[in-house]
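S.K.: need coordinates for the following:
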Amino acid sequence: MKKWNIRYQRPIFSEDQAWFHDCHANTQVLMPSGTRLVVFWAGTCEGTPDQAIWLSRCVNGVWQDPVRIKFIYQLPHWNPVIMRHGSRVYLYYKVGLTVQTWYTMVSYSDDEGLTWSESVEAVPGDYTPRASVRNKILKASNGWWISPTSSEVGTAMDCYADISKDEGKTWGVHGIPMRHIAPAAMATDRLWEGLKKGSLWENDLSIVGAWDGVIQPSMWESEPGHIHAMMRSTRGRIYRSDSTDYGLTWCDAYPTVLPNNCCGIDVDYMPSGLLAVVYNPVGDNWGRRSPLSVSFSEDNGVTFTEPMHLETAEGEYSYPSIVAEGDTFHILYTSNRRTFVECVLE
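M.R.: I've put the predicted structure just below:
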């Protein structure tokens, strides 16, 4: 397998910035002009009244100051997902007081993110997380849009594919089966520091520790109709499910060899058949969010290379987005909730 190297690695703005206290959950797209758009939520903290959707643009290799693009005070805005369709960019994002009560809005831009349409409900009248939840929407070989999404209700965390056969006009839910179990006790001596600092929207460990399941899938298509999902889980491993009918039906979710700390992951797949997974290789439920690493697979995710570390320092390095572009991978990730780091592998 090719030896991958870091071409460059840089923050998109300074950690000393004064625009917001916390920023997190980036999503990215490259425009035909070469401009890169990165959208994320930012505010005082998760769930605070000023949590809004912000946009950074990279033009001619230079990152411009971020701007706030979607905001209604006292209604937190969460986890945007952007996708390009022709020259139009769609923005899906969640609104709601908590993750368990959020629902999805959609807007679009025809000028590379400079202006945006008025937001509307992604699925009118459906106040659940439809059409997106965190990772990029997959455009399948048959033209369908397959959105990896999930819900959190009570103690249950579940994933599904939301499929549009008409370019986002309507959507249909197709569940990923998983049997829930009582979770094992969390290793409190190895917890993510954010739980102690109040970085999560819910910080009561008795509540957080009762959650079980999988959320925030990331999907790829290995051959026509063969769709695969890797999912964040509470069980110390990245979980996976597979479909052979363009995401209409799925096998039971099962654990992979890759560890997971119940933190966001992302994957992308090159036409050559190379799969890359960006994740924290930590096997504790709600464990530490360092290191942040990439593993590669040439057999469609059966086996993986040892992790290539992007960050190893103490801190929070998490919630990556990854996009395969030619013979490179373009990655962005949260750095201590103060900025995002851009990293290009070649």
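S.K.: what's opposite Ala161 in the beta bridge?
M.R.: Counting by DSSP bridges, Ala161 forms beta bridges with Pro148, His174.
S.K.: surely it and Ile176 touch.
M.R.: Yes - at 7.2 Å, Ala161 counts as touching Ile176 under the criterion of Cβ atoms under 8 Å. Every residue, glycine included, has its C-beta placed from N, CA and C.
S.K.: overlap of the contact sets of those two?
M.R.: Shared contacts of Ala161 and Ile176 (Cβ atoms under 8 Å, 6 or more residues apart in numbering): 217, 229, 250.
S.K.: same list (those residues) but as a markdown table, adding pLDDT, secondary structure and distance to Arg235.
M.R.: Conversion of those to a markdown table gives the following (pLDDT from 0 to 100; DSSP: H, G, I helix; E, B strand; the rest coil; distance: Cβ to Cβ, whole Å):
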| residue | pLDDT | secondary structure | distance to Arg235 |
| --- | --- | --- | --- |
| Pro217 | 98 | strand | 15 |
| Ala229 | 98 | strand | 16 |
| Trp250 | 98 | coil | 18 |
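S.K.: identify all contacting residues around the lowest-mean-pLDDT helix or strand in the chain.
M.R.: Counting by mean pLDDT, DSSP states H and E, the chain has its least confident helix or strand at helix 193-197, which shows a mean of 91. With contact meaning Cβ under 8 Å, 6+ apart, helix 193-197 is reached by 200, 203, 205, 208, 286, 288-289, 316, 337.
S.K.: show me where the protein has helices.
M.R.: Along the chain, counting by DSSP state H, helices occupy 193-197, 205-208.
S.K.: so Glu202 is in contact with Thr98, correct?
M.R.: Yes - contact criterion Cβ under 8 Å: Glu202 and Thr98 qualify, at 7.2 Å.
S.K.: quickly list what Glu121 is bridged to.
M.R.: Beta-bridge partners recorded for Glu121 (DSSP bridges): Met105.
S.K.: and it, how far from Val106?
M.R.: In this structure, Glu121 and Val106 are 8 Å apart, going by Cβ to Cβ, to the nearest Å.
S.K.: can you report how many residues neighbour Ile72?
M.R.: 12 (other Cβ atoms under 10 Å).
S.K.: that one and Leu97, how far apart?
M.R.: For Ile72, the distance to Leu97 equals 12 Å [Cβ to Cβ].
S.K.: then stretch 205-223 to CSV, C-alphas only?
M.R.: The C-alpha coordinates for stretch 205-223 follow below in CSV (Å, rounded to 0.1, in the frame of the first residue of the first chain):
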residue,chain,number,x,y,z
LEU,A,205,-22.9,11.0,33.6
SER,A,206,-25.8,8.8,34.8
ILE,A,207,-27.8,9.9,31.8
VAL,A,208,-24.9,9.8,29.3
GLY,A,209,-23.8,6.4,30.6
ALA,A,210,-27.2,4.9,29.9
TRP,A,211,-27.2,5.6,26.2
ASP,A,212,-26.7,2.6,23.9
GLY,A,213,-26.4,2.2,20.2
VAL,A,214,-25.0,3.8,17.1
ILE,A,215,-25.2,7.3,15.6
GLN,A,216,-23.8,9.5,12.9
PRO,A,217,-23.1,7.0,10.1
SER,A,218,-20.7,7.7,7.2
MET,A,219,-21.4,5.9,3.9
TRP,A,220,-19.7,4.9,0.7
GLU,A,221,-20.6,2.8,-2.4
SER,A,222,-18.1,0.1,-3.3
GLU,A,223,-19.9,-1.1,-6.4
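S.K.: list the buried ones in it?
M.R.: Going by neighbour count (16 or more other Cβ atoms under 10 Å), the buried part of stretch 205-223 is 208-209, 211-221.
S.K.: how far does it sit from its chain's centre?
M.R.: Averaging C-alpha positions (Cα atoms, centre = their mean, to the nearest Å) puts stretch 205-223 11 Å from its chain's average.
S.K.: where in the chain is pLDDT low?
M.R.: Within the chain, no stretch has pLDDT under 70.
S.K.: try 90
M.R.: In the predicted model of the chain, residues 1-2, 184-189, 196-198 satisfy pLDDT under 90.
S.K.: returning to what we had before: out of the contacts of helix 193-197, which are buried?
M.R.: 200, 208, 286, 288-289, 316, 337.
S.K.: now the two most distant members of those residues.
M.R.: Val208 and Arg337 (17.8 Å; Cβ to Cβ).
S.K.: Ser14 - how many residues pack around it?
M.R.: The number of residues packed near Ser14 is 9, by other Cβ under 10 Å.
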